[in-house]
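Participant: Here's my sequence, what's the structure:
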Amino acid sequence: MMKNIYKLIFLIIGIATLAYMIFSIGPVNIWNNLLQTGWWFVPILLSWLVIYVMNAFAFKSIIEEPNFPETKLPFIKILQLTVSGYSINYVTPFVALGGEPYRIMELKPHLGEAKASSSVLLYGMVHILSHIVFWLVSIFLILAVVPLSASMLIVCLFILFFGLGIFWSFSKIYKRGFTVTIVRFFQKIPFVGKYARTFYEDKKQYSNMLISRSKIYIHSVDHNFL
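Facilitator: Numbering: from 1, shown residues only. Down below sits the predicted model:
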């Protein structure tokens, strides 16, 4: 019952936001732009379909675990969650925040709360990491092909090292596990540290599981990057 209420709330918010966007831009302006785009509107939609299919494959590789058959969800279900999640993100003021609770809510009946939450959060991290890899590859290509002035060279090198630093930070968090990283920080705080140490021992098992599935997550980054 509560799930249906949440779906209805999301539907009402989505319709209201879409209506506001249409009337703020102007239905006439939207129609004129569609006429100017012409048949190119179809390949534009198809290109976005390919992008969302690749994202869905990445999401699916994170969700599925060979030892747990219940994690093998239909691809069309994952594609629907991928598209609808991004749609909510695009129409909400806080980008990449609106669609995540929706995905967790939809996956919870199939995967459980812990698995659903960790899968959505990990997919978000992988999605961000793939963007970082894309920009690093772009910087390498710019440095190799495009003649640059001294100032542009400094800017590119700064972006390159900054991106490598973020990539290194993500790899450290990935190896330890996000929760484990936070708990290790709390270990250094007086009075809280002894409780955090007990929690840390339990979470180390989860971190080991992430490392054992590293090839799957690399595969997921590949899909997002493409």
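Participant: By mean pLDDT, flag the weakest helix or strand of this protein.
Facilitator: helix 193-212 (a mean of 49; mean pLDDT, DSSP states H and E).
Participant: helix/strand/coil for T37?
Facilitator: helix (DSSP: H, G, I helix; E, B strand; the rest coil).
Participant: Can you give me the neighbour number for it?
Facilitator: 11 (other Cβ atoms under 10 Å). Just so you know, the C-beta spots here come from the backbone N, C-alpha and C atoms, and that holds for glycine as well.
Participant: so how many other residues sit close to the residue lying closest to it once chain neighbours are set aside?
Facilitator: In space, and not counting its chain neighbours, T37 is closest to I44: 7.4 Å by Cβ to Cβ, 6 or more residues apart in numbering. Applying the criterion other Cβ under 10 Å, we find 11 residues in the vicinity of I44.
Participant: For I159, give its distance to S169.
Facilitator: Separation of I159 from S169 (Cβ to Cβ, to the nearest Å) stands at 16 Å.
Participant: Repeat that for V28.
Facilitator: V28 is 48 Å from S169, by Cβ to Cβ.
Participant: So for the two, which residue has more residues nearby?
Facilitator: Using other Cβ under 10 Å as the criterion, V28 and S169 rank with S169 on top: 12 against 8.
Participant: circling back: so the residue nearest to T37 sits right up against L34, yeah?
Facilitator: No - here I44 lies out of contact with L34, judged by Cβ atoms under 8 Å, at a distance of 10.9 Å.
Participant: For whichever strand or helix holds I76, give me every contacting residue.
Facilitator: Per DSSP states H and E, I76 falls inside helix 75-91. Identification of contacts with helix 75-91 by Cβ atoms under 8 Å, 6 or more residues apart in numbering yields 10, 14, 17-18, 21, 52-53, 55-57, 59-60, 63, 95-100, 102-103, 106-107.
Participant: List the buried residues of it.
Facilitator: For helix 75-91, burial by neighbour count (16 or more other Cβ atoms under 10 Å) applies to 78-79, 81-86, 88-89, 91.
Participant: can I get the CA coordinates of stretch 65-78 in CSV?
Facilitator: This file holds the C-alpha atoms of stretch 65-78, laid out as CSV (Å, rounded to 0.1, in the frame of the first residue of the first chain):
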residue,chain,number,x,y,z
GLU,A,65,25.7,-11.9,-8.1
PRO,A,66,26.2,-15.5,-9.4
ASN,A,67,25.6,-17.0,-6.0
PHE,A,68,22.3,-15.2,-5.5
PRO,A,69,19.7,-16.1,-8.2
GLU,A,70,17.2,-13.5,-6.8
THR,A,71,19.6,-10.7,-8.0
LYS,A,72,19.1,-11.8,-11.7
LEU,A,73,16.4,-9.3,-12.6
PRO,A,74,15.0,-8.9,-16.2
PHE,A,75,17.0,-6.5,-18.3
ILE,A,76,13.8,-4.5,-19.2
LYS,A,77,13.2,-3.9,-15.5
ILE,A,78,16.7,-2.5,-15.0
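Participant: which SS state does P147 fall under?
Facilitator: coil.
Participant: Next, it: phi, psi?
Facilitator: Phi and psi for P147, reported as degrees, to the nearest 10, are phi -70, psi 130.
Participant: With the one 3 residues further on instead?
Facilitator: A150 adopts backbone torsions of phi -60, psi -40, taken as degrees, to the nearest 10.
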